[in-house]
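>>> next one to model:
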Amino acid sequence: MTDPTTSPLAAVSSSLADVVARVSPAIVSVHSHRSRASGFIWKSGLVVTADEALAEEGEVTIRLADGSEHAASIAGRDHTTDIALLRFGAGTQAKTVAPVALSPGVPTLGSLAVVVAAEGGVPTASLGMVSLVGERWRSLRGGDIDARIELDVRLRRSHEGGLALDASGRAFGMAVLGPRRVLTIPAATIERVAARLESHGRIARGYLGVGLQPVRLDDGVGAMVMSVDKQGPAASAGVRQGDVIVGINNEKIAGVRALVRSLGPDSVGATVDLAMQRAGAPVNVKLVIGERPEA
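Have a look, this model is predicted:
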């Protein structure tokens with residue numbers, strides 16, 4: 001009979017338990033108005049959680065693994081990458097918990113993954129597998145995600161914002177619920193976005209200052225200008241209501257949604273050449289992309 005203390009399965013089980021135990025103190029429950037989520041201590045006094053699982057208004061509290069509760073404020077949130085940053089606990093008790101060290105690496109397809117989350121402040125763990133690894137991609141809301149990582153793991157709504165670990169204990173991202181699958185927001189994306197939220201409270205987005213409606217053209221698609229912000233970049237460039245945008249920087253647009261998604265943080269301040277149709281005639285204008293005002 002095989003000695004259970006020396007079996008390969010027992011060794012794997014013990015190793016995974018150690019991995020979970022090391023990060024559990026930094027995993028928190030996040031309570032907002034009619035919403036429950038998980039998160040992790042990113043820096044002293046700062047928690048990263050899933051933006052989609054965070055209520056739009058009301059008080060926010062976090063519960064640590066030791067059972068203590070702390071009021072939190074929203075330091076910043078970015079809907080496009082599903083990252084929110086919370087500031088909490090000026091007390092010494094909260095500051096004694098070591099933050100999570102994120103790993104910039106991407107896990108290997110087919111490797112084991114553990115999602116460590118929290119339920120009412122009590123750490124939870126779910127074992128699964130990395131089911132897809134892909135290149136950099138853009139979310140439906142226009143956020144730049146550094147790698148596409150999907151997990152074959154069970155994830156409750158209250159566990160969104162939990163930490164995704166590989167079998168060695170490296171924290172490679174944050175687990176969130178995507179359409180019919182569990183996605184991971186990679187560590188590189190979290191570090192980039194959270195740092196910006198910490199310093200500025202928001203992520204800048206490009207702004208044209210127009211309301212657009214998709215239209216079909218003989219040779220493709222266009223974006224008809226339905227309204228123009230009188231104080232916006234488009235008005236300054238001479239764009240008029242009724243113009244149809246057909247291209248940007250000598251490339252045809254793929255539609256209104258694609259045009260809006262192209263207005264990421266790096267676009268702010270850039271000068272672009274808009275190709276348009278005005279009453280059937282071609283018109284070109286140069287436009288300096290502005291920063292989208294806060295809602």
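
>>> so what's V122 closest to, chain neighbours aside?
Taking C-beta to C-beta, 6 or more residues apart in numbering as the measure, V122 lies nearest to A65, with 7.4 Å between them; neighbours along the chain are not counted. Every residue, glycine included, has its C-beta placed from N, CA and C.

>>> who's in contact with the host helix or strand of V115?
Here V115 is covered by strand 112-119, with elements defined by DSSP states H and E. Strand 112-119 is contacted from outside by 16, 19-20, 23-24, 27-29, 38-39, 63, 65, 107, 123-130, 151, 153, 155-156, 158-167, 175, 182, using C-beta atoms under 8 Å, 6 or more residues apart in numbering.

>>> swap the cut-off to 6 Å and go again
With C-beta atoms under 6 Å, 6 or more residues apart in numbering as the contact definition, strand 112-119 has outside contacts at 20, 23, 27-29, 38, 124-128, 130, 151, 153, 159, 162-165, 167, 175.

>>> now swap in stretch 164-179 and tell me
Everything outside stretch 164-179 that qualifies as a contact, by C-beta under 6 Å, 6+ apart, is 19, 22, 50, 82, 100, 102-103, 107, 112-115, 155, 160, 162-163, 182-187.

>>> likewise stretch 18-34?
Contacting residues not belonging to stretch 18-34 are listed as 37, 39-41, 47, 49, 54-55, 58, 60-65, 97, 100, 116, 118, 120-121, 123, 125, 163, 165, 169 [C-beta under 6 Å, 6+ apart].

>>> tell me which of those fall in helices.
Helix and strand membership here follows DSSP state H; of the contacts of stretch 18-34, not one is in helices.

>>> which of those residues are buried, as a PyMOL select command?
Selecting only the buried members of these in PyMOL, with burial defined as 16 or more other C-beta atoms under 10 Å, works like this:
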select buried, resi 37+39+40+41+47+49+54+55+60+62+63+64+65+97+100+116+118+121+123+125+163+165+169
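
>>> just give the closest residue to S158, not the sequence neighbours.
Going by C-beta to C-beta, 6+ apart, S158 has R36 as its nearest residue, at 4.1 Å.

>>> so the nearest residue to E150 once chain neighbours are set aside, which state does it fall into?
Residue nearest to E150 in three dimensions, not counting chain neighbours: L132, with 3.8 Å by C-beta to C-beta, 6+ apart. Three states are possible here, and by DSSP: H, G, I helix; E, B strand; the rest coil the one that applies to L132 is strand.

>>> ok, so what distance separates L132 from R157?
Remark: distance between L132 and R157 (C-beta to C-beta, to the nearest Å) = 22 Å.

>>> show me how the record splits this structure into domains.
Following the assignment in automatic domain parsing, the chain carries domains at 21-95, 206-291.

>>> any chance of the ones you listed in CSV, with distance to S7 and mean pLDDT too?
Formatted as CSV, the entries for the domains of the chain read as follows, by distance: least, C-beta to C-beta, whole Å; pLDDT from 0 to 100:
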stretch, distance to S7, mean pLDDT
domain 21-95, 21, 90
domain 206-291, 51, 92
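
>>> okay if I get those as a markdown table plus distance to V12?
Conversion of the domains of the chain to a markdown table gives the following (distance: least, C-beta to C-beta, whole Å):
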| stretch | distance to V12 |
| --- | --- |
| domain 21-95 | 15 |
| domain 206-291 | 42 |
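
>>> most tightly surrounded among those domains?
domain 21-95 (a mean of 20; mean count of other C-beta atoms under 10 Å).

>>> show me the contacts for the residue nearest to the spatial centre of the chain.
With the centre of the chain defined as its mean C-alpha position, the nearest residue by C-alpha atoms, centre = their mean is T81, 2.1 Å away. T81 makes contacts with G143, T189, V193, as judged by C-beta under 6 Å, 6+ apart.

>>> could you flag which of the contacts of stretch 164-179 are buried?
19, 50, 82, 100, 102-103, 107, 112-115, 155, 160, 162-163, 182-187.

>>> state which helix of the protein is the longest.
Counting by DSSP H, the longest helix found in the chain is helix 8-23.

>>> pairing partners for the helix or strand just after that helix, with directions?
Tracing the chain C-terminally past helix 8-23 and defining elements by DSSP H and E, one meets strand 27-32 next. Sheet pairing here is set by DSSP bridges, and for strand 27-32 it gives strand 35-43 (antiparallel), strand 60-63 (antiparallel).

>>> so which of these comes closest to P265?
strand 35-43 (19.7 Å; C-beta to C-beta).
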